[in-house]
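Engineer: Structure, please.
(one chain, ligands or ions: 3)
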Amino acid sequence: MLQCLSPSRRMVLRISWLGRKLQLYLFCGPGSGKGTQCSNIVEHFGFTHLSAGELLRSEIKSGSENGTMIDSIIKEGKIVPSEITVKLLQEAMVKSENDKFLIDGFPRNQENRLSFENVIKISPEFVLFFDCSEEEMVRRLLGRNQGRADDNVETIRKRFRVFEESSLPVVQYYDSKGKVKKINAAKPILEVFEDVKTIFQSYGPKAA
Ligand SMILES: Nc1ncnc2c1ncn2[C@@H]1O[C@H](COP(=O)(O)OP(=O)(O)OP(=O)(O)O)[C@@H](O)[C@H]1O
Ligand SMILES: Nc1ccn([C@@H]2O[C@H](COP(=O)(O)O)[C@@H](O)[C@H]2O)c(=O)n1
Ligand SMILES: [Mg+2]
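Structural biologist: Ligands and ions are numbered 1, 2, ... in the order given. Okay, the predicted model is just below:
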């Protein structure tokens, strides 16, 4: 049916479907294990994982005109303007055939939240919050060894301050709406996933 439509009409239709796609936000401190648990959730529950940070890093690698600006913001541990990040998320959702998205590391501030909700028109089903001490998160980040430009002591310190100042108010906002599900992320990976599974059970296993 979609094939009968012109590409621009198809794009408009897919965007209007976005509002009906199920979204869950993963939203926790740097190094708490979001990416690690997302891989498990994708494998067991058939979600599409969209990491805002990964999308921004791919944008830098692609040599886009915004790449240099994004690169310097990430190295400073600051937050990239919402219009850029929301556009990348929107494009990734439109391209996907899936209806279930895990949106990792987003919204990082109220501006992110408002601009995304403006496009999507609905709020997330729930927000998963991984509770972990800053000391443990720093230990994990410094041991990650994935060559990330922001995994150094100076930038990590700035990322934590930005998280406290700009991101925690967003968690509080969703908490006031009863949407935050908190998980103890200080445990070993498989034990954290056992708690994650309990929450996701209601979404059923990945389709065969
Ligand atoms: N429960 C855990 N126990 C010990 N190590 C963990 C745990 N979860 C993740 N790790 C390790 O910690 C590091 C950071 O994990 P991950 O990349 O998943 O964090 P993140 O929350 O996505 O971080 P960021 O916000 O920087 O993207 C990785 O090396 C990962 O293997
Ligand atoms: N909504 C977002 C998400 C991320 N960033 C920038 O990317 C950095 C890395 O993000 P991770 O989730 O992969 O840790 C982050 O520190 C920000 O600089 C952003 O600007 N907006
Ligand atoms: Mg990550």
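Engineer: How is the closest residue to ligand 3 within the chain assigned, secondary-structure-wise?
Structural biologist: Distances between the chain and ligand 3 by CB to the ion are smallest at Gly35, namely 3.5 Å. Where you see a C-beta, it was placed from the backbone N, CA and C, and this is true even at glycine. With DSSP: H, G, I helix; E, B strand; the rest coil as the basis, Gly35 sits in helix.
Engineer: list the contacts for it?
Structural biologist: 51, 54, 104 (CB atoms under 8 Å, 6 or more residues apart in numbering).
Engineer: most surrounded residue in these?
Structural biologist: Ranked by neighbour count under the definition other CB atoms under 10 Å, these are headed by Asp104 with 23 neighbours.
Engineer: mind checking the backbone torsions on it?
Structural biologist: Main-chain torsions, Asp104, degrees, to the nearest 10: phi -100, psi 130.
Engineer: same deal with Lys177?
Structural biologist: Dihedral pair for Lys177: phi -100, psi 0, per degrees, to the nearest 10.
Engineer: who's in contact with it?
Structural biologist: The contact partners of Lys177, by CB under 8 Å, 6+ apart, come to Ser123.
Engineer: ok, it to ligand 1 distance?
Structural biologist: Distance from Lys177 to ligand 1, counting by CB to the nearest ligand atom, to the nearest Å: 23 Å.
Engineer: Likewise for Leu141?
Structural biologist: Per CB to the nearest ligand atom, Leu141 is found 6 Å from ligand 1.
Engineer: Doesn't that residue belong to a helix?
Structural biologist: Yes - Leu141 sits within a helix when classified using three-state DSSP.
Engineer: That one: neighbour count?
Structural biologist: By the criterion of other CB under 10 Å, Leu141 has 22 neighbours.
Engineer: OK, contacts around it?
Structural biologist: Going by CB under 8 Å, 6+ apart, Leu141 touches 30-31, 151, 156.
Engineer: need those in CSV with distance to Thr85 and neighbour count, can you?
Structural biologist: Output for the contacts of Leu141, formatted as CSV (distance: CB to CB, whole Å; neighbours: other CB atoms under 10 Å):
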residue, distance to Thr85, neighbour count
Pro30, 16, 22
Gly31, 20, 25
Asp151, 20, 18
Ile156, 20, 18
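Engineer: Enumerate the residues of the chain near ligand 2.
Structural biologist: 30, 51-53, 56, 73-74, 77-80, 85, 105-106, 108, 112, 150, 159 (CB under 6 Å from any ligand atom).
Engineer: Show me which of those residues are buried.
Structural biologist: For those, a burial check counting by 16 or more other CB atoms under 10 Å picks out 30, 51-53, 56, 73-74, 77, 79-80, 85, 105-106, 108, 112, 150, 159.
Engineer: which among these are in contact with ligand 1?
Structural biologist: 30, 53, 105.
Engineer: Check whether the second one really touches Leu89, as I assumed.
Structural biologist: No - using CB atoms under 8 Å, Gly53 is not in contact with Leu89, being 11.4 Å away.
Engineer: what's the offset of the helix or strand harbouring Val119 from the middle of its chain?
Structural biologist: Here Val119, judged by DSSP states H and E, is contained in helix 110-120. Offset of helix 110-120 from its chain centre (CA atoms, centre = their mean, to the nearest Å): 13 Å.
Engineer: Much appreciated, bye for now.
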